[in-house]
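Novice: Predicted coordinates and the sequence they were generated for:
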Amino acid sequence: MRTLPLAATLILGACAHTLAPSRELARAQLLDAREALDGAEEAQDRQQAEDTRSRSYVAERKAETAEAVANAILAASTPPLPEPEPASLPPPGAEALPSDPRAAIVQLEQATAVHREDRGLVVTFTGATLFEAATPTLLPDAIALLETVVSAARGLRGPVVIETHTGDEGSRELSLLISQQRAEAVRAFLVSRGIEPDRVIARGLAPGRALPGTPPGGRTAERVEIVLPEPRARAREDEQ
């Protein structure tokens, strides 16, 4: 009776010894299977990413090619821009065709004050009409007015005198300086449009008296007087 339990014990021990390696083997095989599965999934992800990059690259190249073709078609169908026309104003110092001074004087009379004195035909512009405040800088609107003066002066003989007056603001020294600079600015413009330099005289006078009908003080005395020879003066010289 004692030998039976001993035999059973030996048999159970042998079975336990046999099952232990089987469990370890199963665990190892399961781990290998999991690693193989993970590796397969990573490889699939890498392949998909590579395929996506390849498709993106091809799409970008196609888009660039289509844009290049479209630009070429647009360039071929667009007419060239016309060449810019040359400036209509004559270059500085260039002589222009003689104009009718009387017609230019009529235009001046419509634009500003014009009256006759013993010294000639006096064309008066307010300082605010031609210049920025307290500077010798010509305003854009002054160009058209001075162009009309040029048209009149071209058809006349004799000197063209420019006299500028400033207001009573600031020191007399500064007013005289600005007044002379303004006279020189007008003279430079007339000369640049073809009036002979030896005909144009610039005089800066400051301060000046207020214009008729305006209150004294401030900028009311600012003005530019351009004295032109009478139109008959040229006719008299032409007859001689």
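Specialist: Perfect, thanks for sending it.
Novice: Val150 - nearest residue in space that isn't next to it in sequence?
Specialist: Spatial nearest neighbour of Val150, excluding adjacent residues (Cβ to Cβ, 6 or more residues apart in numbering): Arg193 at 4.4 Å. C-beta coordinates here come from the backbone N, C-alpha and C atoms, glycine included.
Novice: Hmm, that neighbour is touching Ser151, no?
Specialist: No: proximity of Arg193 to Ser151 does not meet the contact threshold set by Cβ atoms under 8 Å, at 9.1 Å.
Novice: Show me where this structure has its helices.
Specialist: Residue ranges of the helices in the chain, as given by DSSP state H, are 3-77, 101-111, 127-130, 140-154, 172-192, 231-239.
Novice: And the ones you listed, which one averages the lowest pLDDT?
Specialist: Looking over the helices of the chain, mean pLDDT reaches its minimum on helix 231-239, with a mean of 53.
Novice: can you count the residues close to Gly39?
Specialist: Using other Cβ atoms under 10 Å, Gly39 has 10 other residues around it.
Novice: Gly127 too?
Specialist: Around Gly127 there are 24 residues (other Cβ under 10 Å).
Novice: cool, Gln48 as well?
Specialist: Gln48 has 10 nearby residues by other Cβ under 10 Å.
Novice: got it, and Gln29?
Specialist: For Gln29, using other Cβ under 10 Å, the count is 10.
Novice: what's the answer for Gly120, then?
Specialist: Gly120, neighbours per other Cβ under 10 Å, totals 18.
Novice: Which pLDDT value goes with it?
Specialist: pLDDT at Gly120 comes out at 93.
Novice: show me the contacts for it.
Specialist: Gly120 makes contacts with 158, 161, 227-230, as judged by Cβ atoms under 8 Å, 6 or more residues apart in numbering.
Novice: try it again with 7 Å
Specialist: 227-230 (Cβ atoms under 7 Å, 6 or more residues apart in numbering).
Novice: Model confidence for the closest residue to it other than its chain neighbours, exactly?
Specialist: Spatial nearest neighbour of Gly120, chain neighbours left out: Val227 (4.6 Å); criterion: Cβ to Cβ, 6+ apart. On pLDDT, Val227 comes in at 96.
Novice: Hmm, Val227 is touching Val161, no?
Specialist: Yes: using Cβ atoms under 7 Å, Val227 is in contact with Val161, at 4.2 Å.
Novice: returning to what we had before: quickly list what the residue nearest to Gly120 is bridged to.
Specialist: Val122, Val161 (DSSP bridges).
Novice: from what I can see Glu184 touches Ala202, true?
Specialist: Yes: counting by Cβ under 7 Å, Ala202 is a contact partner of Glu184 at 5.1 Å.
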